[in-house]
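[1] sequence and computational prediction follow.
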Amino acid sequence: MMPPWTERPVEISNLLNPAFAGVLLRRSVDGYTSEAEVGMPIELAFLVMPLGLHPETARRLPSRPASTPLHAWLQREENRDVLVRFDERVRSLAPFTREAVIFAAQRRVLDIDEQGRMIPGVEPLRGFSTYKNCADEVKEAVNRCFIVGRWLALSGTTATIYSLLGVRP
């Protein structure tokens, strides 16, 4: 069980609150569906924040996912350290991801189809322009998560992606 918001550190409240994390997930789903004809498997939601928010990983993400496949990116010498403790990052961010999925789904910003795939919801990202007016760091995180979504769509099956990243469901 997650502690109440009043007991969470300010940094956690700002960066991992369900509203902002929901925006990140929605943008990743937007990116995924821009490359795939189907929604993003919900299991992939747990990879979005560990890839898009971790500073050392995020700064190395490709700007054009189609030109740099995940497996090739991971094989580069300068990216091999990304896998160190990546599974721990996924596990530690999983509760925040769950909160964000529930929050976004309740507000219809994200929908989950019959196959367990996340699709853009019927509601737009209200207040999204607020994030566009934030610090560059926030805008970059939102943009990176869109790219992460595209990249995941181009990287094979969920099992393949989890295997490449060394994560066990």
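    Received, thanks. What you are looking at is a predicted structure, and each value in this text was computed from that prediction instead of being measured.
[2] next up, the contacts around the spatially most central residue of the chain.
    Centroid-nearest residue in the chain, with CA atoms, centre = their mean: Val48, separated by 2.0 Å. Each residue near Val48 by CB atoms under 8 Å, 6 or more residues apart in numbering is listed here: Leu24, Leu25, Ser28, Thr97, Cys145, Val148, Gly149, Leu152. (C-beta placed from N, C-alpha, C; glycine too.)
[3] make a PyMOL selection of the buried ones in those residues.
    Provided next is the PyMOL selection string for whichever of these are buried by 16 or more other CB atoms under 10 Å:
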select buried, resi 24+25+28+97+145+148+149+152
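[4] show me where the chain has its strands.
    Under the criterion DSSP state E, the chain contains strands at 40-41, 110-112, 117-120.
[5] of all those, which lies closest to Thr157?
    strand 40-41 (8.6 Å; CB to CB).
[6] by mean pLDDT, point me to the weakest helix or strand of the protein.
    Within the chain, no helix or strand scores below helix 128-132, which has a mean of 57 by mean pLDDT, DSSP states H and E.
[7] circling back: out of the contacts of Val48, which is nearest to Asn79?
    Val148 (14.4 Å).
[8] does that closest one really touch Ser28, like I thought?
    Yes: Val148 lies in contact with Ser28 (CB atoms under 8 Å); the separation is 5.4 Å.
[9] what helices or strands is the longest helix along the chain leaning on?
    Criterion DSSP state H: the longest helix present in the chain is helix 86-106. Judged by 3 or more CB pairs under 8 Å, 6 or more residues apart in numbering; DSSP states H and E, helix 86-106 is in contact with helix 18-35, helix 45-52, strand 110-112, helix 158-165.
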